[in-house]
Every structure is written in C-alpha cells, then in structure tokens.
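Enquirer: need a 3D model of the following:
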Amino acid sequence: MQIRVRSKETTGWPGFATVCCAVSLAVLVVGCGGSEVPQTKAERYALLPGKLGPSGEVVMVVSKPMWERGIGSVVDSLFANPVRVLPQFEPRFDVLRLDPEEFDRFWKPHRNLVIFDIEDRIDTQDPKLTVYRNRYAKGQIYSEIKAKNVAGAIEALNSVEGGLMLADMLEAEEAKRYGDLVALDRNSALEAELKSDHGLSAVLPRSARMVSSSGGFCWIEQSLTRMKGGRNHDVQMGIVVHRSPYRGPEDFSMEGMLARRDSLFKARVSTPNKDSYMTTEYRLPPLYEEVSFRGGFAATMRGLWRMEGDFMGGPWTSIAWVDGERGQLVTVDGYVYAPYFGKREYLRELEATVRSFAPVKQ
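Expert: Below is the predicted model of the structure:
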C-alpha cells in the first residue's frame, strides 16, 4: 500500500470525446470573449469555489453494503475515536457516509472528502491511498482509496501510511484553517505589544486582550459568548507565555515541564475567588510528545486543568521550544473553558494560535 499527495487531479489519457469537448469549449470562449482558458495553476485555483462543510466533518463516499462489510468499523476506529484528553467523549471527526450516486456537484466542494474506488481493475490491484489538495474547492483535502475489493480497502486504511496518517493530516489541516481564519481579522495592536515586550510574534484574534504582562511572563485571554438552550454562556480561551533561561535537554522532560507549569500557574493565574489558582488535573495523565517545530526540537503536552478554590476546568495544550538567539526556553500554554459546549473545535482553534508563536530576531 502506498500513499501519495498531489496538488491536483491526475488521470490517464482522455478519451476522444473529452478532447473534442475541451477544444470546442476553448474555441467558444476565445471566439465569444477573446480570452483564453486559464492554463496556470494560479488561474485554475482562482476559479475554484470556497470549501463547504463544518469544521471537523469528513465525508466518506462508499456504498452501504461495503461500509457494513468492515470499512465502517475501521473508519470509526481511525476517524471517530475519542479526542485524547478531553473531559467528555467527543469524536476526533464527525464522519458522514454518502452513497456514490449521491456524490454530486453539491458535495464535491466539501472540505474533507474520502472517496472509495473499489472495483477489480488493472489500476486497483495494489491498495492505494492518494491525497489531492484543492481538487474541487480552495483549501480542500480530497482523498481517494483504490482497491480491488473491500479487504484491499481495509488494508489501505490500516496501513502505517494509510488512514491514521490521513487523520493526522486532516487534524493539522483543520488547525491551519482556523489560523488562516484568525489571520483575516487579527489584533495588530496586541501583536505589536507582544513583539515589543516579549520578543515574540503570533497571530492573535481581534477579541483577545492582555490580562497581565511582566518580565518573561504574559497572560492573554479571549472571552466569547455562545448561545445554547435559549441562554448565553461564556467561553474562555487563554494563552500563557513564559520565558526562562535554557539549561539543557533536561528542561524538556515531562516531569520538569509539568512542575514549571504548576508552579507558574499557582503564582500567576487565578480567579477573583480568594486563594484560587490553576493547576494540572492528574487523575487523567497528560500526554507528552517530542516534535519538530520551525526547524528545531520542541515538546508538546495535552491535559486537563482545574481551578483550585473554584469550580472551573477544561483541556489545555502547550508547546515548548528554545529561542537560541536569547538562550531561553519559551513555553506557550493554552487553555479552554467551555462548560456547556464541546471542546474539540475550541481546542483546535487554540492549538492553531499556540503554534503561531515564533521568536523575533533581536
């Protein structure tokens, strides 16, 4: 099984009728308007519609009998499994199955598509997953799984370079889409303050505000109002940034990062309630991962937080990396408080903001 990523559709040699139709269309366009059919990648991209569908939704185009013969259960295990470290069950993606005959022009611009092409042909003997970008819409991820039978499609999904890699790709893409959306209406004044006082650049939403800032510490918060059950409810997303002298690789240990986090939050992050402070919830152990970030080493964590002395809690995510020019360890920690809502999409949005941080050259 192999996975390939392409920027546009590639097909075999078109049939005679297709060629004639394309030539006739080109002649018609030139004859009527005097303009040429777009040829460049940029021109083709400009003509694409915008992507459709809610964030986190993935449409699987496959017949019901094939779905029930095993494909559905494998898809659920890869795409609808619980989001790690959330206080309640939320699937990683909302999976929607569509029969092939229903896949028409209204569905083609969907943001995340997985098309199953299962038929015994020459080009389907080896199970294969191919990913295309911007095939029918701008910012779209269009995936195609080819196999000669259901067993081959399942093999493609279960491969190391198959369904799990695609799910990770879609999750990263959803976070990027949030970042692109925030960049359309960013808080330039707050970003300038962050750059001047802390030597960091970031893409921050317009509704964000600085709660406190001193030394190598700053706390940024965004308060939103969302309606549910006929009532308005508060949603809070916060970013806590901390700089400290970099001592060596031991600063990236999970134990060291958690100890620094708890100590810092106990001293600096609280509510109006007396003796309240934010701390890590250890009843569900945090997750730790070493990653590549902006060409260097970084460590990420995810977990749950709770407010000691107050009835608040939710998920958090963080990333730590070294600002080599200043010889400092930079930790960017984000948290979500949304007691009446699902946390998955807020957490993705927050992770996009957390990963937008970068050091500014002195």
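Enquirer: please name every helix or strand in contact with the helix of greatest length in the chain.
Expert: Using DSSP state H, we find that the single longest helix of the chain is helix 163-183. Helix 163-183 sits against helix 72-79, strand 112-118, strand 128-133, strand 141-147, helix 344-354, with contacts defined as 3 or more C-beta pairs under 8 Å, 6 or more residues apart in numbering; DSSP states H and E. To be clear about C-beta, it is placed using only N, CA and C from the backbone, and glycine gets the same treatment.
Enquirer: of all the ones you listed, which one comes closest to R268?
Expert: With C-beta to C-beta as the measure, helix 344-354 is the member of the helices and strands packed on helix 163-183 nearest R268 (17.7 Å).
Enquirer: okay, now the sheet partners of the helix or strand that that closest one is followed by, with direction.
Expert: Sequence order places strand 358-359 as the next helix or strand after helix 344-354, per DSSP states H and E. Here strand 358-359 is paired, per DSSP bridges, with strand 200-201 (antiparallel).
Enquirer: helix or strand right after the partner strand?
Expert: strand 208-214.
Enquirer: so which residues make contact with that next one?
Expert: Under the criterion C-beta atoms under 8 Å, 6 or more residues apart in numbering, residues 187, 190, 193, 197-198, 218-222, 238-239, 268 lie in contact with strand 208-214.
Enquirer: closest one of those to A358?
Expert: H198 (11.6 Å).
Enquirer: per-residue pLDDT, the closest one?
Expert: H198 is assigned 95 on the pLDDT scale.
Enquirer: now it: closest residue in space, sequence neighbours ignored.
Expert: Nearest non-adjacent residue to H198, counting by C-beta to C-beta, 6 or more residues apart in numbering: C218, 5.8 Å away.
Enquirer: so the one you found touches L194, yeah?
Expert: Yes. The criterion here is C-beta atoms under 8 Å, and C218 meets it with L194 at 7.0 Å.
Enquirer: overlap in contacts of these two?
Expert: Contact criterion C-beta under 8 Å, 6+ apart; residues shared by C218 and L194: V241.
Enquirer: contacts only, for the residue positioned nearest the centre of the chain.
Expert: Centroid check for the chain by C-alpha atoms, centre = their mean gives A175 as the closest residue, at 2.6 Å. By C-beta under 8 Å, 6+ apart, A175 lies in contact with R348, E349, E351, A352, R355.
Enquirer: after the worst-scoring helix or strand of the chain on mean pLDDT, which helix or strand is next? Please name it.
Expert: Across the helices and strands of the chain, mean confidence by mean pLDDT, DSSP states H and E is lowest for helix 16-33: a mean of 38. Downstream of helix 16-33, the first helix or strand assigned by DSSP H and E is helix 41-47.
Enquirer: what's the next secondary structure element after that following helix?
Expert: Per DSSP H and E, the first helix or strand lying C-terminal to helix 41-47 is strand 57-61.
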